[in-house]
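K.L.:
Curious how this folds, go ahead:
(chains A and B)
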Amino acid sequence: MKASKFFFKTYKEVPKEAQTPSHILMHRAGMIQKLASGIYNYLPLALRALKKIENIIREELDKRGCQEVLMPAVQPAELWEESGRWKYYGPELLRFKDRKNSDYCLGPTHEEVVTDMARKILTSYKQLPLNIYQIQTKFRDEIRPRFGLMRGREFIMKDAYSFDISEEDAKESYKLMYEAYNAVFTRMNLKFKPVDAATGAIGGDMSHEFQVLAETGEDEILSCSKCSYCANIEKAVSGNELKKADLSKRKELAEVSTPGKKTIDEVSGFLKIEPAMLIKTIIYLVDDNPVAVLVRGNEEANEAKIQAFLGANAITPADDNTVKSVTGAEVGFAGPIGLKQKITIIADRQIYEDTGYACGANKTDYHITRVDPERDFTPAHVADITFAKEGDRCPNCKDGVLEKYRGIEVGQVFYLGKKYSAPMNCTFLDSTGKEQVAVMGCYGIGVSRTMASAIEQNHDDNGIIWPAAIAPFEAAVIPIQLNDEAVFGTAEKIYKNLITAGVDVFLDDRNERAGFKFNDADLIGFPLQIICGSRSIEKGKVEVKIRKTGEKKEIDIENITETIKDLLLTL
RNA sequence: CGGGAUGUAGCCUAGUGGCUAAGGCGCCUGCUUUGGGAGCAGGAGACCGAAGGUUCGAGUCCUUCUAUCCCGACCA
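P.N.:
Numbering: from 1, shown residues only, chains lettered A, B, ... in the order given. Reported below is the predicted structural model:
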């Protein structure tokens, strides 16, 4: 491709809405344009990178027997009613009506459609295992789209779905996809970690996320310093030993007046006790039912763990009115003893490490002290519902400590079981002629997000540093003195030879000064720059600059094609 | 959805209630220049987010709407 005819434009200025490196650089390099909040045009540079990412995914999936299909972006409500998600999905699902007033939505994911597609064809166990995937535009009406392509409302996703005879087979399919994802991100030359993950609203009981490591990542990951344990902060478990409470210190309960003291800080300051010696009581709405959650005052409730433990679809902190009717007191005085309404109580296991806590009295302006969790109340559930922390023991090997990383979730694999196949009646006949429900898994890669995360992880002050495997172009030929026939002729010849050799190459034939072109090349991030200047060409050489290291080498013109191909293998 | 902020040319910004809305980047023409975002000269490009209102007079003040961004809860 010649620069003079290429549809792109670079910018020196940073648009004020762009905050994060990938967003700024994709805009400055002329890769994307915003059309609306969270909705972008992909210009040729971006599309080239996207296609490369897509092709790597295709190759790795096809190699493992997956088959590509294409499902519609527009989906009828009936299917979502069948799975039950029309009710549960919430406003993130963009719904609309057609001219006949029928309900439709833009697909945020395709479990319903793919299950429907599969059940129309699946009749026999002989057709399994089956794994079908697509690469397609998804729409999720995010509350807050941000960071350019990192969290768009419209985005490109590869989604795959496996169907198996049995749970054991389904877990094999899951493992195969786990391997495929490792292969995909390894080929893209990204630094990433597969991590244990919470399953969220999609459900199922086994899941891993693939996290590209980057400082700007929105997710926190805890990873063992010694073994391979690695988990999302939502899921990570502390391996620290629980202490045993010293019950000889038990004392009688006492009610104390704590006028206007509501927060942990206020109460612990007022009563002159450590925050850890308070039992924080938070009222949540779990699938619309109030639940009291108890954690030590120095801990945070981990909503993902609570949701997973209770097998709930949704969990949100209760509004003030609910809190008042449940506790009979103003917000800030809730406690496990003497709740006005009988509701489910779930306690973190750490509260049994001590005795003599303070907690709300369910009476405005009063707290109870000297509380002993074993003696004074009986929660319905005791579980790990707080966050593991950096420095905690590893729960797996008990030897290493947990280290914290930030990551961008670019892929996730889920074991679904029969969550969709059962309600949607996706069945087949087994070898004994008995009807069985297919066992499913689902597997996503955010394609556009992967592109953004590659930039997020690989850039410097001058621009993008593409891994060669997903760069829009592998190399740029940059002639310096355009009106010098020897220079321009050499550049064109190198360009043509590289194309013949199958290298994805860009010729910057624009009538601009050298510095201008160098800056653009650094910004766009070609892994290699082939600089053709009269000084080198007189010696039969050209300069090759490696974007990643900044290193420049003089290379004989006659060997240039081979040299470039060899260098690309290292990038 | 709660909290905060901002809408002036393709992009970044300036603009005390007062004449024809200013500058930089970018764009077009000409000359010059060609190894790290060149110089000179000329030129095009804005109903100042929208609608109301206050005022002799509104980019500037008020109201409503709308869009965008940032901080929180969701997700690839």
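K.L.:
Pull the distance from stretch A:241-261 to the chain's centre.
P.N.:
41 Å (Cα atoms, centre = their mean, to the nearest Å).
K.L.:
Tell me which residues of that stretch come out buried.
P.N.:
A:A245, A:R250, A:V256, A:T258, A:K261 (16 or more other Cβ atoms under 10 Å). To be clear about C-beta, it is placed using only N, CA and C from the backbone, and glycine gets the same treatment.
K.L.:
So which of the residues you listed is the closest to RNA strand B?
P.N.:
A:K261 (22.7 Å; Cβ to the nearest atom of the strand).
K.L.:
That closest one should be in a helix, yeah?
P.N.:
No - judged by DSSP: H, G, I helix; E, B strand; the rest coil, A:K261 forms no part of a helix; its state is coil.
K.L.:
for it, phi and psi?
P.N.:
phi -90, psi 110 (degrees, to the nearest 10).
K.L.:
Let me know whether it touches A:V267 as I believe.
P.N.:
Yes - counting by Cβ atoms under 8 Å, A:K261 sits close enough to A:V267 to count as a contact (4.8 Å).
K.L.:
anything in contact with each of the two?
P.N.:
Residues touching both A:K261 and A:V267 (Cβ atoms under 8 Å, 6 or more residues apart in numbering) are A:H367.
K.L.:
And the strands in the stretch 251-400 of chain A?
P.N.:
With DSSP state E, counting those that start in this stretch as the criterion, the stretch 251-400 of chain A has strands at A:254-257, A:279-286, A:289-296, A:315-317, A:344-348, A:357-360, A:366-371, A:381-383.
K.L.:
so how far is RNA strand B from the closest residue to A:E558 other than its chain neighbours?
P.N.:
Nearest non-adjacent residue to A:E558, counting by Cβ to Cβ, 6 or more residues apart in numbering: A:G540, 7.5 Å away. Per Cβ to the nearest atom of the strand, to the nearest Å, A:G540 is found 13 Å from RNA strand B.
K.L.:
Need the strands of the stretch 251-400 of chain A in TSV (columns: mean pLDDT).
P.N.:
Formatted as TSV, the strands of the stretch 251-400 of chain A follow (pLDDT from 0 to 100):
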stretch	mean pLDDT
strand A:254-257	94
strand A:279-286	90
strand A:289-296	91
strand A:315-317	82
strand A:344-348	93
strand A:357-360	94
strand A:366-371	94
strand A:381-383	94
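K.L.:
now the strands for the stretch 1-150 of chain A?
P.N.:
Going by DSSP E, counting those that start in this stretch, the stretch 1-150 of chain A shows strands at A:32-36, A:39-42, A:67-68, A:74-76, A:95-97, A:103-106, A:130-139.
K.L.:
Of all those strands, which one comes closest to RNA strand B?
P.N.:
strand A:32-36 (4.4 Å).
K.L.:
ok, A:Q307 - contacts?
P.N.:
A:A198, A:G200, A:V286, A:A314, A:I315.
K.L.:
mind listing what the last one touches?
P.N.:
What it means is A:I315. A:Y284, A:L285, A:V286, A:D287, A:E303, A:I306, A:Q307.
K.L.:
Format the strands of the stretch 1-150 of chain A as a markdown table; extra columns: mean neighbour count and mean pLDDT.
P.N.:
Shown next, in a markdown table, are the strands of the stretch 1-150 of chain A (neighbours: other Cβ atoms under 10 Å; pLDDT from 0 to 100):
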| stretch | mean neighbour count | mean pLDDT |
| --- | --- | --- |
| strand A:32-36 | 14 | 88 |
| strand A:39-42 | 16 | 92 |
| strand A:67-68 | 13 | 98 |
| strand A:74-76 | 16 | 95 |
| strand A:95-97 | 12 | 90 |
| strand A:103-106 | 18 | 93 |
| strand A:130-139 | 19 | 96 |
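K.L.:
returning to what we had before: winner for burial among the strands of the stretch 251-400 of chain A?
P.N.:
strand A:357-360 (a mean of 26; mean count of other Cβ atoms under 10 Å).
K.L.:
Need the CA coordinates for it. CSV is fine.
P.N.:
Written as CSV, here are the backbone C-alpha positions of strand A:357-360 (Å, rounded to 0.1, in the frame of the first residue of the first chain):
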residue,chain,number,x,y,z
TYR,A,357,-17.3,-7.2,68.3
ALA,A,358,-19.5,-4.1,68.0
CYS,A,359,-22.3,-4.0,65.5
GLY,A,360,-25.5,-2.1,64.8
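K.L.:
which helices and strands does that strand pack with?
P.N.:
helix A:264-271, strand A:279-286, strand A:366-371 (3 or more Cβ pairs under 8 Å, 6 or more residues apart in numbering; DSSP states H and E).
K.L.:
Touching that strand from outside, list them.
P.N.:
Contacts for strand A:357-360 (Cβ under 8 Å, 6+ apart): A:256, A:267-268, A:271, A:273, A:277-279, A:281, A:327, A:329, A:332-337, A:351, A:366-373.
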